[in-house]
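Engineer: sequence unknown, structure follows:
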């Protein structure tokens with residue numbers, strides 16, 4: 001079933017919603033966290049195909065209440081590798097989440113996909129980034145790869161039942177290497193600094209794609 005789904009995705013993003021990729025050379029040769037804007041259910045597939053690697057190389061951080069809350073959404077577990085995270089995770093839950101991310105990478109996983117906005121946009125404009133990717137990056141020593149996806153909102157926005165034919169463009173930027181905490185800086189301040197840099201980089205990629 002997973003193989004058939006992957007084959008279907010490749011056909012869709014080759015002919016129905018043609019995928020154009022820029023900056024693939026920025027993807028590291030070691031495990032990394034891939035972070036982009038989030039406007040559509042197409043985004044995960046677009047990022048994985050744009051990487052040039054197998055779907056099996058990636059796991060997506062997914063909201064516990066959305067993807068694991070009912071049978072329909074739980075079916076996504078058959079098609080993607082999902083690592084659950086509570087939207088308002090406690091310290092204990094966050095620690096367990098980071099351990100799950102580490103296990104996936106230790107077992108041969110290549111990359112984690114985390115959408116810093118936390119949910120799909122309803123307007124097409126990016127929402128403020130949350131600090132989750134910074135926490136995982138700092139905890140596991142993983143680079144953050146910024147990316148921007150253009151066209152997925154016009155193709156399959158949150159309010160639509162199915163996608164419309166549109167060109168999809170994915171642009172990757174240079175990775176942000178793990179950042180150490182400055183002397184006298186709290187971990188929260190470090191996470192905020194990394195998150196601000198990541199958000200700035202993704203906004204820059206948006207301008208590059210649109211021009």
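Structural biologist: Thanks, I have it. Predicted model, so just to flag it, every value in this text is computed and none were measured.
Engineer: What's the first helix or strand after the worst-scoring helix or strand of the chain on mean pLDDT?
Structural biologist: None of the helices or strands of the chain scores lower by mean pLDDT, DSSP states H and E than helix 71-74, at a mean of 52. Following helix 71-74 in sequence order, the next helix or strand is strand 82-85 (DSSP states H and E).
Engineer: and residue 59, what is it in contact with?
Structural biologist: 80, 81, 82, 83, 101, 104, 109, 111, 112, 113 (C-beta atoms under 8 Å, 6 or more residues apart in numbering). C-beta: built from backbone N, CA, C; applies to glycine.
Engineer: Now restrict the residues you listed to buried residues only.
Structural biologist: Buried subset of the contacts of residue 59 (neighbour count, 16 or more other C-beta atoms under 10 Å): 80, 81, 82, 83, 101, 104, 109, 111, 112, 113.
Engineer: So the residue lying farthest from the centre of the chain: helix, strand or coil?
Structural biologist: Most distant residue from the mean C-alpha position of the chain: residue 184, 31.1 Å away (C-alpha atoms, centre = their mean). Using DSSP: H, G, I helix; E, B strand; the rest coil, the structure places residue 184 in coil.
Engineer: same deal with residue 33?
Structural biologist: strand.
Engineer: any idea how far it lies from residue 140?
Structural biologist: Distance of residue 33 to residue 140, given as C-beta to C-beta, to the nearest Å: 8 Å.
Engineer: out of the two, which sits in the busier spot?
Structural biologist: Neighbours were counted for residue 33 and for residue 140 using other C-beta atoms under 10 Å; residue 33 has more, 27 against 16.
Engineer: so the more buried one bridges to which residues?
Structural biologist: Beta-bridge pairing for residue 33 (DSSP bridges): residue 112, residue 144.
Engineer: Would you check that it makes contact with residue 141?
Structural biologist: No: taking contacts as C-beta atoms under 8 Å, residue 33 lies outside contact range of residue 141: 10.8 Å.
Engineer: Identify the contacts common to those two.
Structural biologist: Common neighbours of residue 33 and residue 141 (C-beta under 8 Å, 6+ apart) do not exist.
Engineer: ok so, going back, for the buried ones among the contacts of residue 59, could you give me TSV that also reports distance to residue 163?
Structural biologist: What follows is those, written out as TSV (distance: C-beta to C-beta, whole Å):
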residue	distance to residue 163
80	17
81	22
82	21
83	25
101	29
104	28
109	27
111	24
112	25
113	19
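Engineer: Where does the prediction get shaky in the chain?
Structural biologist: Along the chain, the model assigns pLDDT under 70 to residues 64-78, 87.
Engineer: For it, just list every one of the helices.
Structural biologist: 2-11, 42-51, 64-67, 71-74, 91-106, 132-140, 152-155, 187-210 (DSSP state H).
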